[in-house]
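> Just a sequence and a predicted model for now, questions to come.
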Amino acid sequence: MIDALQANGGSGRPGYVYAWLTDNGLRRPQKAPEGIDPERHYEREVRFARQELADGGLIVSKDHIWVLTAQSEGGLTSAEARRIIRENRLRRDSDLARPEVEIATSPLPIARTRELVERPTTGPRPTLWESMIVRVEGPASTYVFQFQGSDLWKVGFASDLDERLSTINRHVPVEVVGRRWVKVLSRYWPSQEWAYAMEQELLKRLAVNRTMFERVQCPQDLLEAAWNQAEAAIEELSTHDPAAPNLLPEVSPRDLP
């Protein structure tokens, strides 16, 4: 992709990049998921690559045009590009693992720890306390959890998927039902706004299958088809309008037919 933009003076529209990669034999052969047009799937894969390069500071988007930054204009070898992307992924994973920050506003002691190990607990001791939660803006992932052995799914987004899954399962009497929520699908986004946008798009496409809260009940193939469509729709939106997430309507149970 960097070579394609360099060959065009350092910038180009997405359509130019798609064609250049194909004409120069760099289009990777792959099978599109069922129900997805192969050409749209190829273009989506190119946009995935563009997002990786953008996260690494190598490409920016200006008025629907992909532009090389000063970091990549001088030319990069494949090894250098991979190194930058690899380092960026490590930083991204570190950001996803960053917890919300809790700031005490009371002089009283507060016993608040994240329980990462599932074991019997005694519960919190009664005490007076108050706190303020500061939500740190950053990357997040849209997810789908499945209640094991069923066609019940939970849709949502979170900056830390493992912590969210652990929190949800704390309220499931696993020792009685013998099942819990498990992660089946997830999609990383560079901001919480985009992760939320995909959550809402997926819920909209599964509106007739919603039960309670952000849960839906449907066959897995229907869920996966809706997931692929929602992902492609938000990808397309993110390519052409960076401010779009703020314009998407929220889907709530009262909006359902």
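Cool, got the structure. Since this is a predicted model, take the numbers as computed values, not measurements.
> Let me know the helix or strand that Val60 is in.
strand 59-62 (DSSP states H and E).
> partner strands of that strand, parallel or antiparallel?
strand 65-68 (antiparallel) (DSSP bridges).
> What residues of the strand it pairs with count as buried?
Neighbour counts over strand 65-68 (16 or more other C-beta atoms under 10 Å) mark 66, 68 as buried. Every C-beta, even on glycine, is put in place using the N, C-alpha and C of the backbone.
> Could you do stretch 216-230 as well?
Neighbour-count burial for stretch 216-230 flags 216, 218, 223-228, 230 (criterion: 16+ other C-beta under 10 Å).
> what residue ranges in the stretch 1-150 of the chain score low on pLDDT?
32-35, 72-78, 89, 91-137 (pLDDT under 70).
> hey, where'd the strands end up in it?
11-12, 59-62, 65-68, 101-104, 131-134, 140-147 (DSSP state E, counting those that start in this stretch).
> Go ahead and name everything in contact with the strand holding Val60.
Identification of contacts with strand 59-62 by C-beta atoms under 8 Å, 6 or more residues apart in numbering yields 1-2, 5, 11, 50, 53-54, 66-69, 72, 239, 242.
> could you list every residue that touches Ile84?
Ile84 neighbours (C-beta under 8 Å, 6+ apart): 56-58, 71, 76.
> show me where this protein has helices.
2-7, 14-23, 38-55, 70-73, 78-96, 161-169, 174-177, 192-205, 220-240 (DSSP state H).
> quick one: which of the ones you listed is nearest Thr142?
Thr142 lies closest to helix 192-205 among these, at 4.2 Å (C-beta to C-beta).
> With only the CA atoms kept, save that closest one in CSV.
C-alpha atoms of helix 192-205 as CSV (Å, rounded to 0.1, in the frame of the first residue of the first chain):
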residue,chain,number,x,y,z
GLN,A,192,-14.8,3.6,21.8
GLU,A,193,-17.0,5.6,19.4
TRP,A,194,-16.5,3.2,16.6
ALA,A,195,-16.8,0.1,18.8
TYR,A,196,-20.2,1.5,20.0
ALA,A,197,-21.2,2.3,16.4
MET,A,198,-20.7,-1.3,15.4
GLU,A,199,-22.6,-2.6,18.4
GLN,A,200,-25.6,-0.4,17.5
GLU,A,201,-25.4,-1.4,13.8
LEU,A,202,-25.4,-5.1,14.8
LEU,A,203,-28.3,-4.7,17.2
LYS,A,204,-30.2,-2.9,14.5
ARG,A,205,-29.7,-5.7,12.0
